[in-house]
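Student: return atomic coordinates for the entry below.
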Amino acid sequence: MSYISTKVFDGFSCVFRQWKADGTHCQFLHGYGVSFKVWFKGELDERNWVWDFGGMKRAKGKIDGMNPKAWMDYMFDHTFIVAEDDPFLESFQRMEGAGVAQVRVVPATGAERFAEYVYQKLNTFVQEETEGRVKVVKVEFMEHGKNSAIYVEKN
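Tutor: Next up, the predicted model:
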């Protein structure tokens, strides 16, 4: 039997743009309060938990060299998220060099792609941290509580 538990990670503010969204306001820089809901699936541990919700701070494992809580703050707390193929990437990186933006480069921007990105990062971490007992099966990315996109593990 498997169990599923969920955790919401919230309180993040970030700016991004979807440079390929010609003809819509999403092509411009815009910001949101964002949050993530993560679904953890697995067997119970000796405490009868699927996932230790506070374990993100106490984890032994790392995501890009940081504990998972620090990584989420680094990526999404008062940051400017830019797609790696954005034609203005160099200009935005100069803003970071000048000390006016915390630029984070990701494969692609947008709610759907952020959900996938977080899924990939967290699932790898969770599986390593639990020695395969738990995996992430779904991530929902929410923009200001009104819009969301979900990435679900591939079967």
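Student: so which helix or strand takes in the closest residue to Phe16 other than its chain neighbours?
Tutor: What sits nearest to Phe16 in space, not counting adjacent residues and going by Cβ to Cβ, 6 or more residues apart in numbering, is Ile81, at 4.2 Å. C-beta coordinates here come from the backbone N, C-alpha and C atoms, glycine included. Secondary structure assigned from DSSP states H and E places Ile81 in strand 79-83.
Student: what of Glu140?
Tutor: Following DSSP H and E, the helix or strand that holds Glu140 is strand 134-143.
Student: how far does that strand sit from its chain's centre?
Tutor: Taking the mean C-alpha point of strand 134-143 and that of its whole chain, the gap between them comes to 9 Å (Cα atoms, centre = their mean, to the nearest Å).
Student: ok, longest helix in the chain?
Tutor: Using DSSP state H, we find that the single longest helix of the chain is helix 111-129.
Student: that one - contacts with which helices or strands?
Tutor: strand 30-42, helix 68-76, strand 103-106, strand 134-143, strand 147-152 (3 or more Cβ pairs under 8 Å, 6 or more residues apart in numbering; DSSP states H and E).
Student: which residue would you name as the spatial centre of the chain?
Tutor: Nearest to the geometric centre of the chain sits Val118, at 3.4 Å (Cα atoms, centre = their mean).
Student: apart from its neighbours in sequence, what residue is nearest it?
Tutor: With sequence-adjacent residues excluded and distances taken as Cβ to Cβ, 6+ apart, Val118 is closest to Val139, at 5.0 Å.
Student: that neighbour against Phe9, yeah?
Tutor: No: counting by Cβ atoms under 8 Å, no contact exists between Val139 and Phe9, whose distance comes to 9.7 Å.
Student: for Thr130, which non-adjacent residue is spatially closest?
Tutor: In space, and not counting its chain neighbours, Thr130 is closest to Gly42: 6.7 Å by Cβ to Cβ, 6+ apart.
Student: the one you found: how many residues sit nearby?
Tutor: A total of 21 residues lie near Gly42 under the criterion other Cβ atoms under 10 Å.
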